[in-house]
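Novice: Sequence first, predicted coordinates after that:
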Amino acid sequence: MKKIFSLLISITGALSGFSQTPLQKFEFVNFSKVNITDNFWKPKIDKVATVTMKACIYQTEVKTPRIRNFEKVARNKGEKFEGLYYDDSDVYKALEAMSYSLKTHPDSTLQAKADEWIDKIAAAQLPDGYLDTYFTLRDISQRWTNIEAHEDYNAGHLMEAAVAYYNVTGKRKFLDVAIRLANHIDSTFRLAGKKWFSGHEEIELGLVKLYKVTNDDRYLKLADWYLQQRGKGYFTYGKSWYTPGYWQDLKLVKDQTEITGHAVRAMYLYTGAADVAALSGDEGYMNAMKKVWEDVVYRNMYITGGIGSAGDNEGFSKDYDLPNEDAYCETCASVGMVLWNQRMCQLTGESKYLDVLERSLYNGALDGLSLSGDHFFYDNVLASNGQHQRREWFGTACCPANIARLVTSVGNYIYGKSNDGIWVNLFVGSNTNITIGKTDVAVKMETNYPWDGEVKLNIDPVKKSKFKLYVRVPGWWQDEPAPGNLYHFIDRSDDRILLLKLNGEFVRYDWQNGFAVIENEWKKGDIVSVEFPMAAKQITASPELKYDNERIAIQRGPLVYCVEGADNKEGVWNLIFPANTNFTTTNYKILDEPVLAIQAELSSAVANKNGDGIEIQKRKVTAIPYYCWANRGANPMQVWLPTKIREVKINYASKYEDGGNY
Ligand SMILES: [Zn+2]
C-alpha cells in the first residue's frame, strides 16, 4: 500500500513538474514588511543608505571600470574590456543593495542612479539574451566554453538584483533583462541537453527568485538542473585548487555529506538547494544538507560564525584546522552562512540554524563593514598584530556590496509566519503586520538586544484569534555557544528558568525544536515578555582546535568579544587569562558606536627592568565586541586569550608598539 501511494505521488510529481506542496515549516516575513526601530540595526541600515551605497557607487562607476564595460558593449566600437571577468556581478550586487535601501530609505537620486545603470545594462544585452561584458568585449565566440568563467555566477546576481528592483519599484525593465537572460541560458543548456555546470554557484538561488516573481516554472526547473549537474565528473581543470572538491563536484548534491572547497561557492550552492527543496518538496537535498551542515558547524566553524579558514582556496581545509591570525573567513562566506541557515530553519523549524545564523550575522559578517560604513574587510581574522585593516575596495570586490545588501535587508531574518502561527526568530526592536488565517495581527517588538536580553512583544490581532506564538530560545542562553561540540562555556548555569510571561503572568508553553510555543486565543493589547539574562561568559574550544588550546574567548549574548590595542595600550599579545576571572560590563563608545565593553583584571607578562627576565603584573583589560575592532587605526587584536605563559608573545606586542616593520 505504501509503495503504491509513493508511486502515485511520484507520478503526480512528474506530471506537474513539481509538487506545489512546500516542504518548509514556515516562511520568513520579507524585510519590506518589517520596520526596524532599534538602536543597533537601524543606525547601521541608515549608514548603509547614506554612506555605504555612495562608496559602492563611487567605486563601481568612477574609480573602477565596472560600469564603463557596459557602456563599451553598447557603443560597439571594439573597445577593450577592463578589470576582472566577474566584475559585472559587483554592479548587480550593488544594485540589489540599492534596491533594498530604496525600500527603507526612499531616495530619488539613488533611484535615478539605479535606473541609469539599468539602462546601461539593458543596452549591453545581446539580441539572444546573452549578457556578460567580458566575453562580449573580448571574444564572443568563446562564451559558454569555460565553466570557471563566472558567466552564470554573474547571471545569478543579475537575477537577484532584477527581482529586488522589481519588488521595490514595480519597474519591469531590469526584470525583463533577467528573463531574457534566463531564457537564453535555459535554451542553451537544459533544453539542449548540454553538459555543463556552474564553476561558481549562485545562479541557482537567482533562478528561484525569478521563478517566485514570474511563476514560470522553467526557472525552477533550470535551478534544479544546475544542482543536478554536480558530481557527474564533467569538468576538471589544471590549476591545483580547481579540484572537484573545490567546486562541490565530488558527489551528486543529494549524496554529499562533507563540506569541501571554496566557502562562498558552497554556501550559495546549499542556499540554492534549500530553495529548490522548499518548492519542489525534494527531501533528498535536505537530507544531504543536514549532514553537510553538521560537518560545517561541528568541525569547521570559527567561534565568530566565520567559515573557510584557508586563503589558498578561499575555503575549507581539513577538519578542525582553524588558525586565528591566518583565518581567511571571507565576509561573503559569513553572508552565505546567514542565507543558508535561514533556509535550513525554514525547512526544518529548528532553532539551531538560527543560533548559527545569529552568530555569523553579529560577528563574522558584521565585522566586514567599518563603523564608518565605507571600509571593508575581505578576510576576517581572529588575531592580528595590526597588519589587518579594512580597505576602501578590493580588486575582487565581492564583499562590500554583499555586506551592504545583507545589512539593508536584515529585516528578512526577524519574523516568520506559518499556517498556525507567528515566529519570532531574531530579537530586534521592530514592528510588522502578519496575517494568520484571515486575521491581521500587528506585532511590535521592543528590546535592547544584543546588549540585553529583555524582549517585549505586543501582539495585536484586529479581532480575537487563536494561533501559536513561536519564540526562539537562543542556544547561548541554554549554555550552548554553538550546536555540536566545538565550543563550551566554562561557567554553566544549572538552574535556568525561562522567564516567559503573558500579560505579566507566567504562561504555559510547549518546547518545540528550540522554540517556546504559546498557544492562546490572542486579543488586542496582549503582551508577551521574555528575558534571556546576559552575562560575560568564558568559552573554551574542543581540544581538536589546536590554535585555541589553552585559550579562552569571551562571549556576551550573541556577541563574541576581542581585546584590541586601542583600548589596551600595554599590549594584547602578552596577556594571560587567569582562572576564576571576574568580569564587569561598562557603557563604552567606539567612535560613534555605543557598546557594552567587558572589563577584567588579567595577568600581563612584561620584560623586567634589566630586560633579562619576565615579570607578571596584573592590569585591567577592556574587551570590545569583535565586530567593532580595527576602527581606530592599526592595532593588535586577539579573540582567544592564552591561559598559560607559553602562549604569550611579549616581543610581538612591543614590536608593534615600536611602530613595527609591516
Ligand atoms: Zn567576498
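Specialist: In hand now; what should we look at?
Novice: contacts, neighbours, all on C-alpha from now
Specialist: OK.
Novice: which stretches of the stretch 351-500 of the chain aren't confidently modelled?
Specialist: 494 (pLDDT under 70).
Novice: Number of residues surrounding the residue in the stretch 351-500 of the chain positioned nearest to the ion?
Specialist: Proximity of the stretch 351-500 of the chain to the ion (Cα to the ion) peaks at Cys399, 3.5 Å away. Neighbour count for Cys399, taken as other Cα atoms under 10 Å: 24.
Novice: excluding its backbone neighbours, what's nearest it?
Specialist: Excluding the flanking residues, the one nearest Cys399 by Cα to Cα, 6 or more residues apart in numbering is Cys332, at 5.4 Å.
Novice: tell me the pLDDT at that neighbour?
Specialist: Note for Cys332: predicted pLDDT of 98.
Novice: does it really touch Ala266, like I thought?
Specialist: No: counting by Cα atoms under 8 Å, Cys332 does not reach Ala266; the two are 11.2 Å apart.
Novice: so Val528 sits in a strand?
Specialist: Yes: applying DSSP: H, G, I helix; E, B strand; the rest coil, one finds Val528 inside a strand.
Novice: Identify the bridge partners of the closest residue to it other than its chain neighbours.
Specialist: Once flanking residues are discounted, Val528 sits nearest to Leu502: 4.5 Å by Cα to Cα, 6+ apart. Beta-bridge pairing of Leu502 under DSSP bridges involves Glu505, Val528.
Novice: give the contact list for Leu502.
Specialist: 526-529 (Cα atoms under 8 Å, 6 or more residues apart in numbering).
Novice: could you pull out the strands for the stretch 501-650 of the chain?
Specialist: 505-506, 510-512, 515-522, 526-531, 536-541, 551-556, 559-564, 575-576, 584-590, 593-607, 614-625, 636-638, 641-642 (DSSP state E, counting those that start in this stretch).
Novice: gap between Val276 and Arg180?
Specialist: Using Cα to Cα, to the nearest Å, we find Val276 at a distance of 21 Å from Arg180.
Novice: Looking at those two, which is more packed in?
Specialist: Val276 (26 against 19).
Novice: Could you say which helix or strand holds the more buried one?
Specialist: Using DSSP states H and E, Val276 maps to helix 263-280.
Novice: ok, and what's touching the next helix or strand after that helix?
Specialist: Counting by DSSP H and E, the next helix or strand C-terminal to helix 263-280 is helix 283-299. The contact list for helix 283-299 (Cα under 8 Å, 6+ apart) reads 23, 253-259, 270, 273-274, 277, 307, 319-320, 347, 482-486.
Novice: check which helix or strand covers His488.
Specialist: Using DSSP H and E, the secondary-structure element containing His488 is strand 487-489.
Novice: Outside of that strand itself, list whatever touches it.
Specialist: 303, 479-481, 537-542.
Novice: Partner strands of it and their direction?
Specialist: Strand 487-489 has these strand partners (DSSP bridges): strand 536-541 (antiparallel).
Novice: quick one, what contacts Glu601?
Specialist: 581-582, 618-621.
Novice: re earlier: PyMOL command to pick out the buried ones of the contacts of helix 283-299?
Specialist: Entered in PyMOL, the line below selects the buried ones among these, by 16 or more other Cα atoms under 10 Å:
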select buried, resi 23+253+254+255+256+257+258+259+270+273+274+277+307+320+347+482+483+486
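Novice: measure the residue nearest the centre of the chain to Ile57 for me?
Specialist: With distances taken as Cα atoms, centre = their mean, Val335 lies nearest the centre of the chain, 2.2 Å away. Distance of Val335 to Ile57, given as Cα to Cα: 21 Å.
Novice: what are the ranges of the strands in the stretch 301-450 of the chain?
Specialist: With strands called from DSSP E, counting those that start in this stretch, the stretch 301-450 of the chain shows them at 383-385, 415-418, 421-424, 430-436, 439-447.
Novice: Name the stretch from the ones you listed that approaches Phe235 most closely.
Specialist: Comparison of those against Phe235 by Cα to Cα identifies strand 383-385 as nearest, at 37.7 Å.
Novice: That closest one packs against which elements?
Specialist: strand 636-638, helix 650-657 (3 or more Cα pairs under 8 Å, 6 or more residues apart in numbering; DSSP states H and E).
Novice: In terms of mean pLDDT, which of the ones you listed ranks lowest?
Specialist: helix 650-657 - the lowest mean pLDDT of the helices and strands packed on strand 383-385, at a mean of 56.
Novice: Mind listing what's buried along whichever strand or helix holds Ala74?
Specialist: Using DSSP H and E, Ala74 maps to helix 66-75. Under the neighbour-count criterion of 16+ other Cα under 10 Å, helix 66-75 has 66-74 buried.
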